[in-house]
Each structure stands twice: as structure tokens, then as C-alpha cells.
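Asks: return a 3D structure for these sequence lines:
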Amino acid sequence: MSVISLVITTISILLSIYQAQYDSTNEKKKSTSIREKAIRFEDYIYENPEVIEEGLTWNERQSAMSSTRIDFTGTDQQGNTVYGEAKMGPIDRNRISSTLLRIAENINGGRLLIITDSKPRPSAKEAIRSLEQNISEDLSIEIKNIEFDSNLASSRHRQ
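Replies: Got it, this is the predicted structure:
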């Protein structure tokens, strides 16, 4: 009976090790997949500014500012300076507040577009309204929502 117990224990340990390795590998793949999707999302936004707004052009990507970076800088159809920040997934007050403050502290006017592939939660809109009351009136903040397929098969602007 002790040999059978030893065999069962050994098999159980080996299965646990295999499962842990399998889970770890899948987590790494999932993490890489999320990063890759975010990069594709930014690439798509940079290469296709018209899905966000007619006449929008990006001039620079990952622009260094005094104490931060911003995903995109460009101009709109009227020649106004436009800053863009890409955010995949649902955005809410917690996720957007620090981004808005970080960027707004480094911008002296123009338009800041938060570009997302998900419908923003009401708390994200509240965070924008709150920040707009405390910043320069020369800066407007807008959320632009686009549909995005990470395979780039079907992406289109959602009003």
C-alpha cells in the first residue's frame, strides 16, 4: 500500500507542477496579447486619425512634455493643436483622473482627446467636467469613442 501511495503522491505533485507551468505560460501569453492589442490600437489611431475626426492629422507620436509623455500631438481641421491619449478598455474616474491631471498640467491650450474603444463610464465624464473647471479655459477635453477590432478587420468611428 505504501508503494501505491508513493506513486499517487508523485503523480499528484507532477500534475501540480505541470498545471503551474501551464498557468504561468498562459498568463504570459495573455499579458503579451494585451500589450500587443494596445500597440495595435495606438498604431491604428496614429495611422487613421480620420476615424476619430474629419480633418484631424497627427504630427508626432509619444511626444515628450516637461514631465510626461502624450500618445499623439497634431492639429484639427481648424488648425487647433490637438493632443491624443489612447485608452483601451472601459475608462472610469480612477483610470482617467491621473492621466488627465498629468497631461493637463503640461498643456497650455488646445484640445485633449481621450480616445477609447469602450463606452466611457459616467464617472469618467464627471472627472473631465471636474478637471475642466480647474484648468485653463483654453483647453477642452473630449472623449472620442471608436470601434476597434484588434485584428484590424473592422474598425469604425462610433458616434
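Asks: residue 92 touches residue 124, doesn't it?
Replies: Yes. Using CB atoms under 8 Å, residue 92 is in contact with residue 124, at 5.3 Å. Bear in mind the C-beta positions are built from the backbone N, C-alpha and C, glycine included.
Asks: between these two, which one's more packed in?
Replies: Per other CB atoms under 10 Å, whichever of residue 92 and residue 124 has more neighbours is residue 124, with 22 against 15.
Asks: phi and psi next, for the more buried one.
Replies: Backbone torsions of residue 124, given as degrees, to the nearest 10, read phi -70, psi -40.
Asks: my read: it touches residue 91, true?
Replies: Yes. Here residue 124 reaches residue 91: they are 4.6 Å apart, a contact under CB under 8 Å.
Asks: need the overlap of contacts for the two.
Replies: Common contacts of residue 124 and residue 91 (CB atoms under 8 Å, 6 or more residues apart in numbering): 114, 143.
Asks: what residues does the residue nearest the centre of the chain make contact with?
Replies: Taking CA atoms, centre = their mean, the centroid of the chain lies closest to residue 87, which sits 2.4 Å from it. By CB under 8 Å, 6+ apart, residue 87 lies in contact with 95-96, 99, 114-116.
Asks: looking at those residues, which is nearest residue 73?
Replies: Looking at the contacts of residue 87 and their distance to residue 73, the nearest is residue 115, at 13.1 Å (CB to CB).
Asks: good, wrapping up.
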